[in-house]
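Asker: no FASTA, just this:
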C-alpha cells in the first residue's frame, strides 16, 4: 500500500470495515464474557492430554541419553552392555540416524547440520546423543547408564560478545565464524537525523535467556507403517506447521507420508512446543528401526536442560534527540544468541517485530543491524512474546534515558513522540501497517481517574521517608497474525528475487451440520489452553442463531485429513485476527446456504430469511418459521427439495488470507503482522535496601486490542502474560557458567513466581476495531510479556537512579546496582 493509499484508507471506511462493523453490531454472543467451556474438564482432571491417550498394542518406551559436555568430540559409543539388558530393544546413535535421515533445514545457507541425535560432536549440555528403546521407562533409564561414550572435551564459548570476537572458539568450524548472518537496514535518512540532533543518547541493553515453562512437557507417540513407508505420529506440537515440511524432508519422505496428529488438550506451550519437532523425527525413526510403535515423554529435568528457550539479545541503541524530547532517528545493533543450532523457523524472534521496530512512536529515520550468533548453549526458539520483549526492552529503556538526560518527565517524552491520533492506517519507517488506534487517548485514560497522581503521591511520600521508590512506564505495539514472509527479510533482495516472493498467512476453519442439525467446528489451531473452543462456539452460534453450547468444537489436527497450511498452529496471536475470522466466514457460508434452503420452504426470498432462536424464520413475518434441524436435515434427507443450484450436504470450509500481508519491498520494508494492538503500562515499585528485593506496589495496564471477542477470556490472557512478564523482570533466567555448565536445571534454581509473588493487576480496556478483519479483533495474549519487563526495569532505574538495569532484577543484581553506580538526581537516598 502506497502513502497515497494509506491516506485514502484513513478518509473513509473500506467495504470490509463496514461489513465488519455490521457483523459486530448484530452479535448476540460475540463480545460477551462467557465462561470457558473447556474449564470443567480441565479443572476436574478430565482433560485428555497426549500422555493420557491410548497407544497401539506393543508400544515401546524411549529414553534420551544426553551429553554432559557443552562441546566435545564423540570418539566412540559402546552400546553392547545396554543391549544385553533384558527388555532393551535398541540403542540408537547419531550414526544410525544419519543413515536414515537428512539434517534439518535452516534459514541461512551455512554448514550447520543438525540431526535428531548428535553426529560426531556435541555442542551443548543436554544435546541428545543416543536413544534407548525398551519395554518400559525403568529399563530404558537403567540401560542408559550402561552406554559408554568416549568424549573428547573441547573449549567452549558462552558469551555472545566473545563469540563474535576475532579469536573466538567456533561452534561450527565449517562456517568459519559464530556470526551466522548480519543484515544492515536503513530506513529514511538516519545519518542526517544524527548529524542534526541536539543530543545523542546511547544505551546497551541485555535481554536474558529464559523460558515460560509449560506444565506439560513434550510427548511423542510414533508408529512406522512399513507397508506404506509412512509415519503416524501423535505429538503435543503447537505449530507453526511450516515445521511439517522440515520434518518430512528430514525423514526423506513426501509430506503426505507424515501423518501428524495433535491431542485434544495440551498443558500450555508459550511457544516451547514448537521444539518438539526434532523428537517427532527421532521417535519416527526409532519406530522404523525397532518395527514397533515408540512413545517418549520428556521429564522436567530434560525440559529445563534442553527443550528450548527464548534467545538472549544484546542491543546497542542510539537515539538522535532534539532538546524538546523529539526522537529524530534511531540506530539499533541487535546481537541475538540462538545457542548451538539455528532451528526452523529461527531466527524468527529477530525478524518478527522488524516492521514495528519503532514501536508506538512516529520515528521516520532508522538504521538497524541484525546479527545472529551461535554459542555452546541449548538452541533457542519460540517463547511467548516472540521478539517483542527484546525490542521493547531496548526501545522503552532508551526513552527513559532520554527523559533523564534532558531532565524531562518520561511521560512527556513518550507523548512527544507518539503516533498522532487520526494517523491510522499508519505505515512505519520499516514497513509495518498499523491498522487502528489512538495512542494518546489510551495513555490519557490510563493515567486518568487519579491513577497517575496516586503513583506520584506514593513515590513522593516514600522518598520523603528515605525509601527507594520508582515509577516506570512502557508503551508497546502488540502484533497479531504474523506475515509468513517476514523471515525472508533475512535474505538480501537478490536472494529473495531468486527464491520468489514469500508472504501472507492462511487461516482455515470448517463448519459442518449433520443430518439431525447438530453443528460441529474444526479449525487450524491446536488447543493450548487459551479458550479457543469457547470463542469459536460464540462466533458460529451468532451466525446460525443458536446457543454456543449447541456448537461442538474439535481442535485436534490430523494433517492427513484436516485443513491446514504452513501458517497453521497456535502462536503469535494469530487466533483472533486469523482462525476466528475463518470460522466466522465458514459460518456465514453455512448461514447463507441455510437461508436459500429455508426460503424455498417458507415461500419467501432468501434475503428475508433470518436464523435466530434455533429457528429459520421470515424476517418480515417471524411466525413463519421452521426448526433449524428440520431445514438443515433437508440437505441430507431430501436433496430433491433443495433450491436449484444448491448442493446436498452442509459442510463449508473458509480460507482467510488478508491482502495486507505483502512480501518485503525492494527497500526491505515489511508489514510483519496483520493487526497491531496497543498496551500502555505504568507501575510503582519499591526496593528494600536490606534484602534488595523489588516489590511491585501498584501496576496499571491499558489494552487496546480492537473488538474483544470474549472479555473474560481476554482478561485471563492478559493476566497470564502479566505473570510471565513479572517472571522475566524479577525471577527467571537460564544461567550457564563459563565452562558451559547449566546452572538452573531445577525449579529450585530456575525460580518461577507463584501466586504469592504476583502483585494485583489493574486492567483498563479501550476498543479500536481493526479495519482489516471482519470481526475487528486483534491479538492480545502477548502484550504484557513485552511491556512488563521494561516497565519494571524503568521503575527500578527511577528508584535507584542508575543507567544500566539488568534483568531479571534479582536481589543480587539490585545489590550490584546499589554498590556500583552513583545515584542520579531525583533518586531515593536510603542507601
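Answerer: Yes, it's here. Because the structure is predicted, anything quoted here is derived from the model rather than measured.

Asker: how near is the residue nearest to residue 56 when sequence neighbours are not counted to residue 234?
Answerer: Excluding its sequence neighbours, the residue lying closest to residue 56 (C-beta to C-beta, 6 or more residues apart in numbering) is residue 293, at 4.5 Å. The C-beta positions use only the backbone N, C-alpha and C, and glycine is treated the same way. Distance of residue 293 to residue 234, computed by C-beta to C-beta, to the nearest Å: 10 Å.

Asker: between these two, which one's more packed in?
Answerer: More neighbours surround residue 234 than the other of residue 293 and residue 234, with 25 against 21 (other C-beta atoms under 10 Å).

Asker: my read: the more buried one touches residue 263, true?
Answerer: Yes: counting by C-beta atoms under 8 Å, residue 234 does reach residue 263; the two are 6.6 Å apart.

Asker: buried residues in stretch 742-749?
Answerer: Buried residues in stretch 742-749, counted by 16 or more other C-beta atoms under 10 Å: 742, 744-745.

Asker: Check the separation of the first and last residues in that stretch.
Answerer: Taking C-alpha to C-alpha, to the nearest Å, stretch 742-749 runs 10 Å from one end to the other.

Asker: what's the model's confidence in that stretch, averaged?
Answerer: For stretch 742-749, the mean per-residue pLDDT is 95.

Asker: and what of stretch 228-246?
Answerer: 97.

Asker: any low-confidence regions in the protein?
Answerer: Flagging of the chain using pLDDT under 70 yields the residue ranges 1-26, 821-831.

Asker: Please name the nearest non-neighbouring residue to the residue nearest the centre of it.
Answerer: By C-alpha atoms, centre = their mean, the chain has its centre lying nearest to residue 572, at 3.8 Å. Closest residue to residue 572 apart from its sequence neighbours, by C-beta to C-beta, 6+ apart: residue 482 at 4.4 Å.

Asker: before we move on, back to that, okay, and the common contacts of residue 234 and residue 263?
Answerer: Both residue 234 and residue 263 are contacted by 50, 53, 219, under the criterion C-beta atoms under 8 Å, 6 or more residues apart in numbering.

Asker: Quick one: neighbours of the last one, just the number.
Answerer: Translated: residue 219. With other C-beta under 10 Å as criterion, residue 219 counts 25.

Asker: so what's it closest to, chain neighbours aside?
Answerer: residue 50 (3.7 Å).

Asker: Just to check, the one you found is in contact with residue 236?
Answerer: Yes: using C-beta under 8 Å, residue 50 is in contact with residue 236, at 4.6 Å.

Asker: Would you mind listing the residues touching both of these two?
Answerer: In contact with both residue 50 and residue 236: 216, 219, 263, 266, using C-beta under 8 Å, 6+ apart.

Asker: returning to what we had before: overlap of the contact sets of residue 293 and residue 234?
Answerer: Joint contacts of residue 293 and residue 234 (C-beta under 8 Å, 6+ apart) are 221-222.

Asker: picking that back up, the residue nearest to residue 572 reaches residue 673, doesn't it?
Answerer: Yes: Residue 482 is within contact range of residue 673, at 5.5 Å (criterion: C-beta under 8 Å).

Asker: And the two? Which one has more around it.
Answerer: Taking neighbours as other C-beta under 10 Å, residue 482 and residue 673 compare with residue 673 leading, 31 against 27.

Asker: hang on, isn't that one packed against residue 480?
Answerer: Yes: under the criterion of C-beta under 8 Å, residue 673 makes contact with residue 480 at 5.9 Å.

Asker: what touches both of the two?
Answerer: residue 572.

Asker: need the contact list for the residue nearest to residue 738 when sequence neighbours are not counted.
Answerer: Leaving out its chain neighbours, the residue that sits closest to residue 738 by C-beta to C-beta, 6+ apart is residue 158, at 6.4 Å. Each residue near residue 158 by C-beta under 8 Å, 6+ apart is listed here: 70, 375-377, 736-738, 740.

Asker: change it to 10 Å
Answerer: By C-beta atoms under 10 Å, 6 or more residues apart in numbering, the contact set of residue 158 is 70-71, 124, 169, 337, 375-377, 736-741.
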